[in-house]
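Trainee: Got a predicted structure here, sequence first:
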There are 2 protein chains.
Amino acid sequence: MYEDLKYWYLRDHKLFRTLSYSQIKQLCIITGFKKASKGEIIYFSTSDVPRIFLLKKGNIKIVAIDDDGNETIKDIIQKGDLFGELTLESDNKNEEYAKVLSDDVAICSFLMSDFEDLLLRNPTLALSYTKFVGLKMKRIKNSYANLISKDAKTRLYQFLKDWAEKEGIQNGNTIVLDNYLTQSDIAQIICTSRQTATQLLNEMESNNLLSYNRKEIVIPDITKI
Amino acid sequence: MYEDLKYWYLRDHKLFRTLSYSQIKQLCIITGFKKASKGEIIYFSTSDVPRIFLLKKGNIKIVAIDDDGNETIKDIIQKGDLFGELTLESDNKNEEYAKVLSDDVAICSFLMSDFEDLLLRNPTLALSYTKFVGLKMKRIKNSYANLISKDAKTRLYQFLKDWAEKEGIQNGNTIVLDNYLTQSDIAQIICTSRQTATQLLNEMESNNLLSYNRKEIVIPDITKI
DNA sequence: GGCTAATTGTAAATTAGCCGACATTTTCCT
DNA sequence: AGGAAAATGTCGGCTAATTTACAATTAGCC
């Protein structure tokens, strides 16, 4: 992989903004690079050395399989997100894989040990990273708090609001979302059955709260959600 | 507050183990100290400077109040836990308070800015802290994963197992838990109604899976839970 | 000791939403 | 183009669990 490309990939991420040009140049910690297209499944082979991944392009979902063989969506990773063992602790016993949601994705990865060394040498970066992880935790807490003691409808509304805020293209009160999720995906994220999600979405559609199709979701007035 | 006490309070915590005696001595970042007794409510005044808290003794619960005035238990903090804005980002808009569960507690606190400076000066500490936060995140993820798509009974069982593992006094397969929670607390933690929790606990009692009273919970055989 | 508030016990009514079963539509692949 | 697979739409029965409502017990306090 070209040095220049590596440079840009890191430079681009807000986490590395605190570093100077020469510092980034020196890193060269990116050791892996991968492209994949829609529907592909990427396994994080547990036998391998622990890695941290950086999604450069596209969307993927992290899926876990529990003992009963049920799939659970653990995370939706978007462009620019770091993922993998953010805790800097490898634990090998979890059965997880990633599935590509968007047309194609680009993922680069670096070794956890390299990243740790880097953090040790750059206290400012370490602090940014700490805040980064903390922020992620807060988001998880919030989204889970949302799941609990609220009914499916409220959860769907909240999910749509969050999604709109994060990725929606806003025009006045109108929001357009690039819909790379199936209704089944949405159902899993808000922890309900596929049928209930379908029902609620259709209900919203008849109430003119949104218009749904497989390509995009249009919310005419986000303030009504 | 005496320097010696401060020293021991920090030295005691696994997070600060990486620091030398003299380093800890130099810190003196503890700026607040508080004792409180059962039932007391501690507010984290949002007008105040952002702080990080360290629970030295006892148990407290963090309670959030949502828009409808419903109480939700956000966290149970145990002896030795750090809490507060672990994200190192202050956000002022959340209505949270802490309630003392055990007979009495001791809490010390330090300023977030002081702590940040400390992390900048000690990259190793920063790394430990990140792992610490990461671990907490992992625990939260797991406990929430447990809440979802499992029924109330399974959730109660899992909660008891976790509790037993964390704080139970084990003697063979028998576990004794110091019960500082009410059934209503337990219900909130496992996200069910108080009545359902009561019912399930009584059901377990009649099946000889545990014996419950307000002081302690005895689980004769943890392997059966 | 006795009063009050908090906690725990119990039961019936009601409901959200899961599940199974199927039809229909859309997308994808060769 | 055409067939298969995936995604979406729809329905009714079923069940866990919430809600409402009240009784009984225990703890805390003066």
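Mentor: Happy to help now that I have it. Numbers count the residues shown, from 1 in each chain, chains lettered A, B, ... in the order given.
Trainee: In three-state terms, label A:T154 for me.
Mentor: With DSSP: H, G, I helix; E, B strand; the rest coil as the basis, A:T154 sits in helix.
Trainee: residues of the helix or strand harbouring A:V63 that come out buried?
Mentor: Under the criterion of DSSP states H and E, A:V63 resides in strand A:60-65. Taking 16 or more other CB atoms under 10 Å in any protein chain shown as the neighbour-count basis, strand A:60-65 is seen to contain the buried residues A:60-64. The way it works is simple: take the backbone N, C-alpha and C, and place the C-beta from them, glycine included.
Trainee: Out of these, the closest to chain B would be?
Mentor: Nearest to chain B among the buried residues of strand A:60-65, counting by CB to the nearest CB, is A:A64 at 7.9 Å.
Trainee: Tell me the bridge partners for the closest one.
Mentor: Beta-bridge pairing for A:A64 (DSSP bridges): A:T72, A:E96.
Trainee: Once you drop chain neighbours, what's closest to A:S143?
Mentor: For A:S143, ignoring the flanking residues on the chain, the nearest one in space by CB to CB, 6 or more residues apart in numbering or on different chains is A:D162 at 7.2 Å.
Trainee: these two touch, right, the one you found and A:L156?
Mentor: No. Under the criterion of CB atoms under 8 Å, A:D162 lies out of contact with A:L156, with a separation of 10.8 Å.
Trainee: more crowded one of these two?
Mentor: Between A:D162 and A:L156, A:L156 has the larger neighbour count (other CB atoms under 10 Å in any protein chain shown), namely 23 against 16.
Trainee: Let me know the distance separating A:R51 from DNA strand C.
Mentor: The spacing between A:R51 and DNA strand C, counted by CB to the nearest atom of the strand, to the nearest Å, is 28 Å.
Trainee: What of A:P123?
Mentor: If you measure A:P123 against DNA strand C using CB to the nearest atom of the strand, the figure is 46 Å.
Trainee: Any figure for the gap between that residue and A:V100?
Mentor: 36 Å (CB to CB, to the nearest Å).
Trainee: pLDDT wise, what is the residue nearest to the spatial centre of chain A at?
Mentor: The centre of chain A sits closest to A:I77, judged by CA atoms, centre = their mean, with a distance of 1.5 Å. pLDDT for A:I77: 88.
Trainee: re earlier: export the buried residues of strand A:60-65 to a markdown table and append columns for pLDDT.
Mentor: A markdown table is the format used below for those (pLDDT from 0 to 100):
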| residue | pLDDT |
| --- | --- |
| A:I60 | 91 |
| A:K61 | 89 |
| A:I62 | 87 |
| A:V63 | 85 |
| A:A64 | 81 |
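Trainee: With distance to B:L147 as new columns, can these be given to me in a markdown table?
Mentor: As requested, the buried residues of strand A:60-65 are arranged in a markdown table below (distance: CB to CB, whole Å):
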| residue | distance to B:L147 |
| --- | --- |
| A:I60 | 25 |
| A:K61 | 20 |
| A:I62 | 19 |
| A:V63 | 19 |
| A:A64 | 15 |
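Trainee: which one among those gets closest to A:P220?
Mentor: Distance from A:P220 was checked for each of those by CB to CB. The minimum falls on A:K61, at 27.4 Å.
Trainee: correct me, but the closest one touches A:E96?
Mentor: No. Contact criterion CB under 8 Å: A:K61 and A:E96 do not qualify, at 10.6 Å.
Trainee: Buried residues, stretch A:125-145. List them.
Mentor: A:125-134, A:136-138, A:140-141, A:143-145.
Trainee: how close does the residue nearest to A:I190 when sequence neighbours are not counted get to chain B?
Mentor: Spatial nearest neighbour of A:I190, excluding adjacent residues (CB to CB, 6+ apart): A:R155 at 4.3 Å. Counting by CB to the nearest CB, to the nearest Å, the separation of A:R155 from chain B is 11 Å.
Trainee: A:R155 reaches A:A145, doesn't it?
Mentor: No. In this structure, A:R155 is not within contact of A:A145 by CB under 8 Å, at 10.9 Å.
Trainee: what does chain A have sitting close to chain B?
Mentor: Applying CB under 8 Å from any CB of the partner chain, one finds that chain A approaches chain B through A:64, A:70, A:72, A:74, A:86-89, A:91, A:116, A:119-124, A:126-127, A:129-131, A:133-138, A:140-141, A:144-145, A:147-149, A:191.
Trainee: doesn't B:T130 make contact with A:L120?
Mentor: No. Distance between A:L120 and B:T130: 11.1 Å, which falls outside the contact criterion (CB under 8 Å).
Trainee: got any residues that touch both of these two?
Mentor: Listed contacts common to A:L120 and B:T130 are A:A126; contacts here mean CB atoms under 8 Å, 6 or more residues apart in numbering or on different chains.
Trainee: Run through chain A and note the low-pLDDT ranges.
Mentor: For chain A, applying pLDDT under 70 flags the ranges A:1-14, A:17-31, A:45-48, A:67-69, A:85-94.
Trainee: Can you show me the helices along it?
Mentor: Listed in chain order, the helices found in chain A under DSSP state H are A:3-11, A:21-27, A:112-121, A:123-147, A:152-167, A:183-189, A:194-206.
Trainee: so A:E95 touches A:I62, yeah?
Mentor: No. With contact defined as CB under 8 Å, A:E95 and A:I62 do not form a contacting pair (11.3 Å).
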